[in-house]
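K.L.:
sequence and computational prediction follow.
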Amino acid sequence: MGLEAKLTDDGFFTTKLDAIIEWSRKYSVWPMPMGISCCAIEMMAAGDPKYDIARFGSEVMRFTPRQCDLMIVAGTVTYKMSHVVRKIYDQMPDPKWVIAMGACTSSGGMYRSYNVVQGIDQFLPVDIYLAGCPPRPDNLLNALIQIQDKIGKTRAKDFQDIKLPELTVLQSN
Amino acid sequence: MDLKEIIAHLLKENFPGVNVELIEYKNELTLRVEKQHIVKVCKFLKENADLQFTLCEDITAIDWAKRKNRFTVVYHIFSLKSKNRLAVKVDVDESDCSIDSVASVWKTANWHERETYDMYGIKFSNHPDLRRMYMPEEFEYYPLRKDFPVMGIPGSLPLPKK
Ligand code: SF4
């Protein structure tokens, strides 16, 4: 059973640090539910007992960006809202991932007009584009599994020499 | 007397010099007035005991693109007492793209007029707080005008840095 089966009589085993970090990171992806419009309903459904996102270790939806690893952008992003989305993304600690959930976030969707950003990849690095209007909850789970695969492929050296983005600090008088 | 006759009669009695036109189409009544009279006519429609158009449902505009008086401002008002609905229409030309605000008559007009200003660029004089409603403050165009492209003007709305 589980990890214990690997333990020998001596009570220790050897592994690579990369492997153990990646393994623990993979099953504790905490999402930032950036629910802006209708897609957010399906995102909530992914958290209910029927689809149960907890099976993948991601049930802890944090409403503060400082405790999140994964941003699920679920909904139509207008130009006015894009600044808010970016600000929240900037506040998340590295390493972080982004799912563009639904047609709207991926490409503007049916809102082909002056006020909707035609794809959030214009201002955010996106890891997974999720098709559908809205995507079904199981599709969101599929995206999450793909994010886990991606996390499984990251190595510690990917984060070395990484440059942190400069944040604009608001000063209160 | 039906509503059309009542309004025509009352307006004629109280505002002898004012040109008004009443049009009935498919049971919907429209009142056309000139723009310099809009505030006093609206105030009268609201406060007259027989009419009592106390609810301002919406204020919007129409852009006719090439017509001489390019814009028409439309006020949809409703009387809770007699359950009558009335549309008040006022023509505004592009050369003098402003009209007096009716926010002093109906408080709801405040936001409706801000939206109309945001989308059509019609200035409402004496408005308490004429700022844009939906678009960012520094946006320079008026999206619902007919000469505004559907996909917007590239670069007019800033995106965050990647
Ligand atoms: S993709 Fe469809 S369901 Fe999702 S936010 Fe856009 S319109 Fe709504």
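P.N.:
Noted; the coordinates are in hand. Residues are numbered from 1 along each chain as shown, chains lettered A, B, ... in the order given.
K.L.:
A:Pro93: neighbour count?
P.N.:
Per other Cβ atoms under 10 Å in any protein chain shown, the neighbour tally for A:Pro93 reads 10. Just so you know, the C-beta spots here come from the backbone N, C-alpha and C atoms, and that holds for glycine as well.
K.L.:
would you list the phi and psi of it?
P.N.:
A:Pro93 adopts backbone torsions of phi -70, psi 150, taken as degrees, to the nearest 10.
K.L.:
state the distance from it to B:Thr30.
P.N.:
60 Å (Cβ to Cβ, to the nearest Å).
K.L.:
repeat that for B:Ala8.
P.N.:
Distance from B:Ala8 to B:Thr30, by Cβ to Cβ: 12 Å.
K.L.:
residue numbers of chain A in contact with chain B?
P.N.:
A:79-80, A:82-83, A:85-87, A:112-115, A:117, A:122-125 (Cβ under 8 Å from any Cβ of the partner chain).
K.L.:
mark which of these are part of strands, please.
P.N.:
Applying DSSP state E to the residues of chain A next to chain B, no entry is found in strands.
K.L.:
show me which of those residues are buried.
P.N.:
Restricting the residues of chain A next to chain B to buried positions leaves A:Tyr79, A:Ser82, A:Val85, A:Arg86, A:Tyr114, A:Val117, A:Phe123, A:Leu124, with burial counted as 16 or more other Cβ atoms under 10 Å in any protein chain shown.
K.L.:
which one of these is nearest to B:Phe139?
P.N.:
A:Tyr79 (9.1 Å; Cβ to Cβ).
K.L.:
test my guess that that closest one contacts A:Ser113.
P.N.:
No - using Cβ atoms under 8 Å, A:Tyr79 is not in contact with A:Ser113, being 10.7 Å away.
K.L.:
tell me how many other residues crowd B:Gly17.
P.N.:
Neighbour count of B:Gly17, defined by other Cβ under 10 Å: 5.
K.L.:
burial count for residue 4?
P.N.:
No chain in the question, so chain A it is. Residues lying near A:Glu4 (other Cβ under 10 Å) number 6.
K.L.:
to clarify, I was referring to chain B.
P.N.:
Using other Cβ under 10 Å, B:Lys4 has 15 other residues around it.
K.L.:
now do A:Ser28
P.N.:
Neighbourhood size, A:Ser28 [other Cβ under 10 Å]: 12.
K.L.:
give me the pLDDT for the closest residue to chain A within chain B.
P.N.:
In chain B, the residue that lies nearest chain A is B:Gly152 (2.9 Å; Cβ to the nearest Cβ). At B:Gly152, the pLDDT value in this model is 84.
K.L.:
residues touching it, list them.
P.N.:
Listed by Cβ atoms under 8 Å, 6 or more residues apart in numbering or on different chains, the contact set of B:Gly152 reads A:Ser113, A:Tyr114, A:Asn115, B:Pro143.
K.L.:
spatially nearest residue to B:Asn14, not counting backbone neighbours?
P.N.:
The shortest distance from B:Asn14 to any non-neighbouring residue, by Cβ to Cβ, 6 or more residues apart in numbering or on different chains, is to B:Phe44 (6.1 Å).
K.L.:
which residues in chain A form helices?
P.N.:
Using DSSP state H, the helices of chain A run over A:17-26, A:39-46, A:79-91, A:102-107, A:137-153.
K.L.:
worst mean pLDDT among the ones you listed?
P.N.:
Mean pLDDT across those is lowest at helix A:17-26; the value there is a mean of 86.
K.L.:
pull the CA atoms of that helix into CSV?
P.N.:
What follows is helix A:17-26, C-alpha atoms only, in CSV (Å, rounded to 0.1, in the frame of the first residue of the first chain):
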residue,chain,number,x,y,z
LEU,A,17,14.8,16.0,-4.6
ASP,A,18,13.2,17.1,-8.0
ALA,A,19,11.0,14.0,-7.9
ILE,A,20,9.7,14.4,-4.4
ILE,A,21,9.1,18.1,-4.8
GLU,A,22,7.3,17.6,-8.1
TRP,A,23,5.3,14.7,-6.6
SER,A,24,4.1,16.8,-3.7
ARG,A,25,3.5,19.9,-5.8
LYS,A,26,1.4,18.0,-8.4
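K.L.:
what helices or strands is it leaning on?
P.N.:
helix A:137-153 (3 or more Cβ pairs under 8 Å, 6 or more residues apart in numbering or on different chains; DSSP states H and E).
K.L.:
could you name the helices and strands sitting against the helix it packs on?
P.N.:
Helix A:137-153 sits against helix A:17-26, helix A:39-46, strand A:70-74, strand A:97-101, strand A:128-130, with contacts defined as 3+ Cβ pairs under 8 Å, 6+ apart.
K.L.:
run through who's touching the longest one.
P.N.:
With contacts defined as Cβ under 8 Å, 6+ apart, helix A:17-26 is touched by A:Gly57, A:Asp69, A:Pro95, A:Gln148, A:Ile151, A:Gly152, A:Thr154, A:Arg155, A:Ala156.
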